[in-house]
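Undergrad: the following block contains a protein sequence and its predicted model.
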Amino acid sequence: MSTPEPQPGIMAIAPYKGGESKIAGAEKVIKLSSNEGAFGPSPAAVEAMAEAAKSIHRYPDGHSPELRQAIADRYGLAPSRIVLGAGSDEIINLLCQAYVGPGDEVLYSEHGFLMYGISAMAAGATPVKAPETDLKADVQNLLAAVTDKTRLVFVANPNNPTGTYLTEDEMATLRDGLRDDIILVIDGAYAEYVVGTPGYTDGMAMVHDADNVVMTRTFSKMYGLGGARLGWGYMPEDMASVLNRIRGPFNVSVPAQAAGLAAFNDTAFTEMSRAHNDEWLKRTQDALRQLGLFVPQDGVGNFVLVRFTDEATAEAADEHLKSRGIIARRVAGYGLPDCLRITIGKADEMEAVIAALRDFMGANT
């Protein structure tokens, strides 16, 4: 008897694997593998989610009107151009579902977010990677990789796991070099950490000025709501209309909407989190460079990419960290087998990381 067969290309997808969270035999674990907020969610968000639990027998309003309006008011956006999703990766999936199919190509940089390729293949399209230069997306390489089959271009700005970013001028060059029928998606998952960085753009103005640019954001990083699954996209109104036709009618839960609104409004908490990240990102980068390790010069976000001499050394460093109860992220799946990505955690956690790597490098020199 024949058995049901999935759509072509589905079985070729390598399933996404999140960061590890447990170490066998370890009672206390410092988890720095998933770029989660160092301090967790705002207390206001926790309280709002608990209150919302009292009404979880009610279906949510899939348009998330209160949260959508709050986002629109803060940034001066039209609410009708905002689409909420169960994480920004749902917006990425919806864009691929709506705009690409068999025979189409989805383009992104060499070390870009793994979900770009997964979402492309799930829609039957072909993922295409453009080479990076010095661990940074290269605009000219991206443009050179465009073909008549290209339909979507994803750029994470800043990029995970490298922490590098394209400037406003570079992003404008990329946008201007794309055909009008190609959608440029600017993934701003870490944009909240880059506020005030010279030359950086979160992409909002580019969406205003073009009919083929989308910006996505998430509540999983700065706002500490990774477990709630909440994100949003800002796009031309006709594209928002398309995504609202295919998303699940109740895709963002009642508790997620309530927690997101409370976290978004707790600006004191986010400012504290940003200041802590600014301090410990630099302190960690400086300390690791002093150990002779390579860290991208302009790395931003809430994580540090660390390059070792070879893959074996990176594996040994990972095991050494685990022996101290610290979980980093192996990034071989991103084409960086000689690197680890380490999330910025609390002060004592980062001191533990630095001390562990200092011991490791001392024993391996």
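TA: It's in.
Undergrad: ok, residues contacting stretch 114-131?
TA: Contacts of stretch 114-131 with the rest of the structure, by Cβ atoms under 8 Å, 6 or more residues apart in numbering, involve 7-10, 12-14, 16, 89, 92-93, 95-97, 100-110, 112, 137-138, 141-142, 144-145, 149-152, 154, 333-334. Backbone N, C-alpha and C define where each C-beta goes, glycine included.
Undergrad: for PyMOL, what selects the buried ones among those?
TA: In PyMOL syntax, the buried subset of the contacts of stretch 114-131 is picked out as below (16 or more other Cβ atoms under 10 Å):
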select buried, resi 89+92+93+95+96+97+100+104+105+106+107+108+109+110+112+137+138+142+145+150+151+152+154+334
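Undergrad: what are the buried residues along the helix or strand harbouring Ala317?
TA: Secondary structure from DSSP states H and E places Ala317 in helix 311-323. Residues Ala314, Glu315, Ala317, Asp318, His320, Leu321, Lys322 are the ones in helix 311-323 that count as buried (16+ other Cβ under 10 Å).
Undergrad: quick check: what element follows the helix or strand of the chain with the lowest mean pLDDT along the chain?
TA: Across the helices and strands of the chain, mean pLDDT, DSSP states H and E gives its lowest value to helix 204-209, namely a mean of 93. Taking DSSP H and E as the definition, the helix or strand that follows helix 204-209 towards the C-terminus is strand 213-218.
Undergrad: partner strands of that next one, with direction?
TA: The partner list of strand 213-218 in its sheet, established with DSSP bridges, is strand 183-187 (parallel), strand 231-234 (antiparallel).
Undergrad: looking at the ones you listed, which is nearest to Met204?
TA: Distance to Met204, taken as Cβ to Cβ, is lowest for strand 231-234 among the strands paired with strand 213-218, at 6.5 Å.
Undergrad: just the residues contacting the closest one, thanks.
TA: If you take Cβ under 8 Å, 6+ apart as the criterion, strand 231-234 is touched by 68, 71, 77, 81-91, 95, 204, 207, 214-220, 240, 243.
Undergrad: which residues in the stretch 1-150 of the chain form strands?
TA: Defined through DSSP state E, counting those that start in this stretch, the strands belonging to the stretch 1-150 of the chain, from first to last, are 30-31, 82-85, 105-109, 126-130, 150-156.
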